[in-house]
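**Student:** Provided below for reference: sequence and predicted model.
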Amino acid sequence: MGDSSLSDLKPEYRVDGSCWKFVPVISEGLFNQRPGDIFRHHLILLQLQLAVIFTLAAIIHFFLGRFYLPRLISEVLAGVILGPTVLGRFFPDISAVLFSEQSVKVLATLTRFGYLFFMFLIGVKMDVNLIKKSGKREWTIGTMVMLFPLLVTVMIGRHISIVVDKVDAQSAQYEVSFFTGVLMLTSFPVVAILLMQLKIINSELGHLTLSSALISDMVSLVMVNIGNYRVIMLLASLRVALKSLFLVAVLIVFIVTVLQQMLYWIIRKTPEGKPVKDAYIFFVVIALLVVAIVGENVGLQYMYGPFILGLTVPTGHPLASTLIEKLDTIVSGWMLPLMSTYCGYRSNLWNLNRLPPYWIMFAVTFGFFLKVACGFIPAFCFKVPCKDATALALMLAAKGIVELGTFATNADKQ
């Protein structure tokens, strides 16, 4: 075994009459027996993909950054160039080697991990006490800006889809409900990032916008899960939906009781002024992965379990700051840019000649203006200046990485 090499590890396995050849994840480099075939090894291919993705995104942002455009746009454009829009259409042979079908599945898995950790960190950074401190003004704005546009656009879009597409009405209803549902929600992380980029997060308008976005996000979390259980009930049965709801409730209770008490135990075991042990951080990471897997299997979307776990981390304690310090760099610097690029990769701009059904376009366009109006009117009624009320409404209607992640997850499921 001392003289064996990776190229020797090519046993064939016969399973149900099929032959399977073992291909090591790593290779011997350019000096192995078949140097021209190193892209068979997934780690080598992944490293090359990451190098190409981040280099191209950096080059694009070098130019677009001069126009004060966010890096997110450069990352999405890098994915568009590397996807079927440019590379896959004009250089199909290179695309087939660089982004083979199996390697794209690896990228999709990494983007899911990135979204999972991102939602966990959002929960850790989120101060739930903002809800307790919020008054009537924040509750009214946060509820109306999400609930009213969502219900109105879904009802209008579904009615139009039934009238237009009588052959496949159920599929049309799902498309309208999904697109309008995602685009009508207000995402707290997106609004918080926007406020930080505009450098107004500590202003009076920033506090009002942040509190309203947090309330809207919490209400949307409830509405999304109600919609999920409705789909389960329609596709399966009421019994299955109730069983799933019960299991999800048990999981949430387990998170906010058992796991939260374990987090407090970690805090008590950490001496004041001392860093949190790496073993405790490792335990939290394992816990959020387990929560995501269990949640996905009992009917809770995989990102919500880690999000709820993040909310249970006590704000202001060393554990929260250590988790952010350990995870934020790899999540925001590697996983999220990869997810943005992957979303651009999945798009094909040549399909724009086949425009989406006009009932979806109408519902989304109408819903956007309705959402802005539902943010402006209550703010103006609470005597917020007209200029600030307009800015508030537009910021609450902003879209970003959360919506990209949701669309990417849905595309992978399909």
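**Tutor:** Structure's in. What do you need? Keep in mind the model is a prediction, meaning the values are calculated, not measured.
**Student:** Low-confidence ranges, the stretch 1-150 of the chain, go.
**Tutor:** 1-37 (pLDDT under 70).
**Student:** all strands of it, in order?
**Tutor:** 12-15, 18-21 (DSSP state E, counting those that start in this stretch).
**Student:** Output the helix or strand containing residue 267 as CSV - backbone C-alpha positions only.
**Tutor:** Using DSSP states H and E, residue 267 sits within helix 260-269. Only the C-alpha atoms of helix 260-269 are listed here, as CSV (Å, rounded to 0.1, in the frame of the first residue of the first chain):
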residue,chain,number,x,y,z
GLN,A,260,-32.0,27.6,24.3
GLN,A,261,-31.2,26.3,27.7
MET,A,262,-28.1,24.6,26.4
LEU,A,263,-27.1,27.9,24.9
TYR,A,264,-27.5,29.6,28.3
TRP,A,265,-25.5,26.7,29.8
ILE,A,266,-22.7,27.5,27.4
ILE,A,267,-22.8,31.2,28.4
ARG,A,268,-22.6,30.2,32.1
LYS,A,269,-19.7,27.9,31.4
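**Student:** Now do the buried residues in that helix.
**Tutor:** By 16 or more other CB atoms under 10 Å, the buried positions in helix 260-269 come out as 260, 263, 266-267. The C-beta positions use only the backbone N, C-alpha and C, and glycine is treated the same way.
**Student:** swap in stretch 41-52?
**Tutor:** For stretch 41-52, by 16+ other CB under 10 Å, it's 41-42, 44-45, 49-50, 52.
**Student:** wait, isn't residue 281 in contact with residue 324?
**Tutor:** No: the criterion here is CB atoms under 8 Å, and residue 281 misses it with residue 324 at 11.0 Å.
**Student:** Who has more neighbours out of those two?
**Tutor:** Between residue 281 and residue 324, residue 281 has the larger neighbour count (other CB atoms under 10 Å), namely 18 against 15.
**Student:** Next up, identify which helix or strand the closest residue to that one other than its chain neighbours is on.
**Tutor:** Excluding the flanking residues, the one nearest residue 281 by CB to CB, 6 or more residues apart in numbering is residue 326, at 5.6 Å. Assigned by DSSP H and E, residue 326 belongs to helix 318-330.
**Student:** what about that helix, average pLDDT?
**Tutor:** For helix 318-330, the mean per-residue pLDDT is 89.
**Student:** okay, the closest residue to residue 295 other than its chain neighbours: pLDDT?
**Tutor:** Nearest residue to residue 295, sequence neighbours excluded (CB to CB, 6+ apart): residue 305, at 3.5 Å. pLDDT recorded at residue 305 is 89.
**Student:** Residue 305 is in contact with residue 294, isn't it?
**Tutor:** Yes: between residue 305 and residue 294 there is a contact under CB under 8 Å: 7.0 Å.
**Student:** Show me which of the two is the more surrounded one.
**Tutor:** residue 305 (28 against 18).
**Student:** what's the spacing between that one and residue 258?
**Tutor:** 14 Å (CB to CB, to the nearest Å).
**Student:** follow-up on the earlier one: pull up the overlap in contacts between residue 305 and residue 294.
**Tutor:** residue 251 (CB atoms under 8 Å, 6 or more residues apart in numbering).
**Student:** give the contact list for residue 256.
**Tutor:** 308, 312.
**Student:** Residue 303: neighbouring residues, count only.
**Tutor:** Residue 303: 23 neighbours (other CB under 10 Å).
**Student:** For it, which non-adjacent residue is closest in space?
**Tutor:** Nearest one to residue 303, counting by CB to CB, 6+ apart, is residue 119 at 4.3 Å.
**Student:** Look at residue 334 and report its pLDDT.
**Tutor:** For residue 334, the model assigns a pLDDT of 90.
**Student:** what number of residues lie near it?
**Tutor:** Neighbours of residue 334 (other CB under 10 Å): 14.
**Student:** ok, and the closest non-adjacent residue to it?
**Tutor:** residue 114 (7.7 Å).
**Student:** which residues of the stretch 201-350 of the chain fall in helices?
**Tutor:** Counting by DSSP state H, counting those that start in this stretch, one finds helices in the stretch 201-350 of the chain at the ranges 204-235, 238-254, 260-269, 278-298, 304-312, 318-330, 336-346.
**Student:** Check which helices and strands the last one sits against.
**Tutor:** The reference is to helix 336-346. helix 42-64, helix 71-82, helix 101-125, helix 401-413 (3 or more CB pairs under 8 Å, 6 or more residues apart in numbering; DSSP states H and E).
**Student:** Then the fourth one?
**Tutor:** The elements that helix 278-298 packs onto, with contact taken as 3+ CB pairs under 8 Å, 6+ apart, are helix 101-125, helix 238-254, helix 260-269, helix 304-312, helix 318-330.
**Student:** Now render these as CSV, adding distance to residue 401.
**Tutor:** Below are the helices and strands packed on helix 278-298 laid out as CSV (distance: least, CB to CB, whole Å):
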stretch, distance to residue 401
helix 101-125, 7
helix 238-254, 25
helix 260-269, 26
helix 304-312, 14
helix 318-330, 14
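**Student:** Highest mean neighbour count out of these?
**Tutor:** For these, the largest average neighbour count (mean count of other CB atoms under 10 Å) is found in helix 304-312, namely a mean of 23.
**Student:** which helices and strands does that one pack with?
**Tutor:** helix 101-125, helix 278-298.
**Student:** can you rerun that using 10 Å?
**Tutor:** In terms of contacts (3 or more CB pairs under 10 Å, 6 or more residues apart in numbering; DSSP states H and E), helix 304-312 is packed against helix 101-125, helix 204-235, helix 238-254, helix 260-269, helix 278-298.
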